[in-house]
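J.: Mind folding the following:
(2 chains)
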Amino acid sequence: METVVSCRGLKKTYDRKVEAVRGLDLAIQAGECFGLLGPNGAGKTTTIEILEGLLTPTSGEVEILGMTWQAHEQELREWLGVSLQETRLSEKLTVRETLELFASFYHRPNSVPAVLEELSLGEKADALVGKLSGGQKQRLAVATALVGNPKILFLDEPTTGLDPQSRRQLWDIIRQFQQGRGTVLLTTHYMDEAERLCDRLAIIDHGQIIAAGTPSELSARLSGHHVVEFALSDAVNDDGVWSRLPGVQAVRNEDGHFSLQVEEPHETIPALLSVVQQKGARLVHLTTRQASLEDVFVQLTGRHLREE
Amino acid sequence: MAYVETPPTPAVAASKMVTNGRWAGYRHLLGARMKELWREPEVIFWVFVFPLLLALGLGIAFRNKPADITTIAVVANSHAQQVIDLLQRSPAKTAIHADVLDANVAFDRFRLGKYALVVTADDSGLHYRYDPARPESVLARTQVDDVLQTASGRNSPLKTEATQSSQPGARYIDFLVPGLLGMNLMNSGMWGIGFAIVEMRQRKLLKRFVASPMRRTDFLLAMGSSRLVLMLIEVALLLGFGVLVFHMRVEGSLLAILLIGALGAVSFGGIGLLTASRAQKIETVSGLINLVMMPMWIFSGVFFSYERFPQIVQPAIKALPLTALNDALRAIILQGETLSSQAGRIIILAVWGGVSFLLALRWFRWT
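T.: Next up, the predicted model:
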């Protein structure tokens, strides 16, 4: 495996006070889709913008395709495709003009008609950017990154705020790029996106990596691969009874909504039901599901990903 | 470095690979900028239509009327008809229009500026009411008195003769058009560069550009060149308008006018770039631009000559870039001066533009 993007001991402190990134190591392999997953303000954007050469780290080293930003900026820019969080492209240019403009910056770009075709923007080629829908604008933003014929694609929250159909369309585009031996680094705070799209993930919180691996490795790291969630009709004297149920690894109580991490639901649930009966309470809700990245995040940080 | 040697296999099926030359980025940036401007109706109005409307309005309002008619009121009484008769007998009768009105009506309308003079005749003679602060009122008093005295038989002991002289070049519109041209170059340079760049920064478009291999100098060059293209149109429109509608005479060479125009456009582009070098919000930069331009609107002799300001501030006024631009344009357009005679003003403009540009490059924020 060949490492195409790597960083060691990356730190970024704003105004000598705010520590956005606090010592981060990454190694991204050629041809993989690597995700930085974390809540808002975790340091994802700062990290990806340092890797894109748009921010200078306070300390630490970045190497991309064996080159550094200090020595090879112009050459690196030729090989990278970048889509920033919330760029508003000029509204008075058409889709085709926008892509032709971005293509003109590269020495050997992709052909604009081919990119239009590939990203299903052909019909909108002569529409003004200002008239596009959110999903179309986001696809155009990714198209401006792809039109340079990059080896590595950096996408900062590519699907935030999009409807499900637009998100799936973008996922297809990213997979297609990957199939052509492209490498992708993306940030997201969507669990499902990270699980479905990424080959490997790093979960970031407070500027540090708190867990890394493939999505299944991360889920397996949870003590207990299943989650049983339930709620009771009345508040019950909680004397730690739930954690003594068979197979329960961890208990979490959020305002009367309990979630148990369990090895085998079929061992835990009958015992759970009998305890509920003994206490004279009534279940108003009971579900079981596979442990997800969300549970990993909650277990590691004690918070939900989407919490403010 | 090994990775770079392996040919990329793009996601997009690139059957036709394109290779871009050195100036492809610059050409596309300039093309995109011109298209954006052209598709913005406000830009067309403020840059091209508004100065013409201003020239037209002011040109008409302050046009030199060939025979200015003095409008006066004569207070209605038994002597009023006598005054009217005297006026009718005079050779200057077409230049004076007199209405006979009741005293209170006459004075009321005089106060509102409808009449330049009120004449009251009684047994003791004539009484004039005029306003020494209104030039046309002072003029009317002298004119009417002269007419009435002459018609009543006064002889002029001194023989006089006068030749009329009113040539293009000395009229208000001739003064105004070069001033409007200078102001327009300043406005569109400041807004076209300063505002546009901050807007792109606020949209994160500048950041997106520098994340690509775009050359930053190409971007600045393209912004500057777009100013030069607009300058050509601005000069052609305003001067053409002056010549066609107001029969202005352009004395100097067109090349000299265009060179000064280009220097002005680029110089104000540099000042615009400086005001835009750090501002993150369009509200901030709008305030800054107005702050920079406001003194020049007033002091740089756009609508009236700056000689009206006290002697002590004259050197400061002449050091302003818009003053230098307006003076140079007027000297070339109205007096047919050469470029070399304008060296001092050219240096003032170049220093303003050059220093602003260098400071802007030092402070400029792309992100």
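
J.: Leaving out the residues flanking it, which one is nearest to residue 252?
T.: All of this refers to chain A. Distances taken as Cβ to Cβ, 6 or more residues apart in numbering or on different chains put A:S259 closest to A:R252, at 4.8 Å, once the chain neighbours are dropped. Where you see a C-beta, it was placed from the backbone N, CA and C, and this is true even at glycine.

J.: wait, I meant chain B there
T.: B:I332 (3.6 Å).

J.: Spell out which parts of the stretch 101-250 of chain B neighbour chain A.
T.: B:R203, B:K204, B:L205, B:K207, B:R208, B:F209, B:V210, B:A211, B:S212, B:P213, B:M214 (Cβ under 8 Å from any Cβ of the partner chain).

J.: How about the fourth one, nearest residue that isn't a chain neighbour?
T.: The shortest distance from B:K207 to any residue that is not its chain neighbour, by Cβ to Cβ, 6+ apart, is 4.6 Å, and that residue is B:T367.

J.: What confidence value was assigned to the one you found?
T.: On the pLDDT scale, B:T367 is placed at 83.

J.: Run through the residues that contact it.
T.: A:L54, A:L55, B:R201, B:L206, B:K207, B:V210 (Cβ atoms under 8 Å, 6 or more residues apart in numbering or on different chains).

J.: do the same with A:A141
T.: So A:A141 contacts A:S83, A:L84, A:T87, A:L89, A:P158 (Cβ under 8 Å, 6+ apart).

J.: do stretch A:115-127 and chain B meet at all?
T.: Yes - using Cβ under 8 Å from any Cβ, stretch A:115-127 comes into contact with chain B via A:V115, A:E118.

J.: ends of that stretch, how far apart?
T.: With Cα to Cα, to the nearest Å as the measure, the ends of stretch A:115-127 fall 16 Å from one another.

J.: pLDDT (mean, whole number) over that stretch?
T.: On average, stretch A:115-127 scores 94.

J.: ok, residues contacting that stretch?
T.: A:94-96, A:99, A:113, A:132, A:136, A:139-140, A:142-143, A:146-147, A:169, A:173, A:176, B:11-13.

J.: Mind checking which of those are in helices?
T.: Using DSSP state H, the subset of these located in helices is A:95-96, A:99, A:113, A:136, A:139-140, A:142-143, A:146, A:169, A:173, A:176.

J.: per-domain residue ranges of the chain.
T.: No chain in the question, so chain A it is. Chain A is divided into the following domains under automatic domain parsing: A:3-219, A:223-290.

J.: please go with chain B instead
T.: B:70-151, B:168-363.

J.: pLDDT averaged over the longest one, what's the number?
T.: Averaged across domain B:168-363, pLDDT comes to 93.

J.: Same question for stretch A:63-83.
T.: 95.

J.: ok, now stretch B:20-37?
T.: 94.

J.: can you tell me if it touches chain A.
T.: Yes - Stretch B:20-37 lies within reach of chain A by Cβ under 8 Å from any Cβ, at B:N20, B:A24, B:G25, B:R27, B:H28, B:L29, B:A32, B:K35, B:E36.

J.: Keeping just the C-alphas, turn that stretch into CSV.
T.: What follows is stretch B:20-37 as a C-alpha-only set of coordinates in CSV (Å, rounded to 0.1, in the frame of the first residue of the first chain):
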residue,chain,number,x,y,z
ASN,B,20,-3.7,24.6,-21.3
GLY,B,21,-1.1,27.2,-22.2
ARG,B,22,0.4,29.7,-19.8
TRP,B,23,-2.3,32.4,-20.3
ALA,B,24,-5.4,30.2,-20.4
GLY,B,25,-6.3,31.0,-16.8
TYR,B,26,-5.9,34.7,-17.3
ARG,B,27,-8.0,34.7,-20.4
HIS,B,28,-10.8,32.8,-18.7
LEU,B,29,-10.7,35.0,-15.6
LEU,B,30,-11.0,38.1,-17.7
GLY,B,31,-13.8,36.6,-19.8
ALA,B,32,-15.6,35.5,-16.7
ARG,B,33,-15.3,38.9,-15.1
MET,B,34,-16.6,40.7,-18.2
LYS,B,35,-19.6,38.3,-18.5
GLU,B,36,-20.4,38.8,-14.8
LEU,B,37,-20.4,42.6,-15.2
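
J.: buried set for it?
T.: B:20, B:24-26, B:28-33, B:35-37 (16 or more other Cβ atoms under 10 Å in any protein chain shown).

J.: Take the residues of stretch B:20-37 next to chain A and lay them out in TSV including secondary structure.
T.: Output for these, formatted as TSV (DSSP: H, G, I helix; E, B strand; the rest coil):
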residue	secondary structure
B:N20	coil
B:A24	helix
B:G25	helix
B:R27	helix
B:H28	helix
B:L29	helix
B:A32	helix
B:K35	helix
B:E36	helix
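
J.: what ranges do the strands span in chain B?
T.: Listed in chain order, the strands of chain B (DSSP state E) span B:70-75, B:96-101, B:117-122, B:125-129.

J.: Export those strands as JSON lines, with columns for mean pLDDT and mean neighbour count.
T.: Output for these, formatted as JSON lines (pLDDT from 0 to 100; neighbours: other Cβ atoms under 10 Å in any protein chain shown):
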{"stretch": "strand B:70-75", "mean pLDDT": "90", "mean neighbour count": "22"}
{"stretch": "strand B:96-101", "mean pLDDT": "88", "mean neighbour count": "17"}
{"stretch": "strand B:117-122", "mean pLDDT": "90", "mean neighbour count": "21"}
{"stretch": "strand B:125-129", "mean pLDDT": "90", "mean neighbour count": "14"}
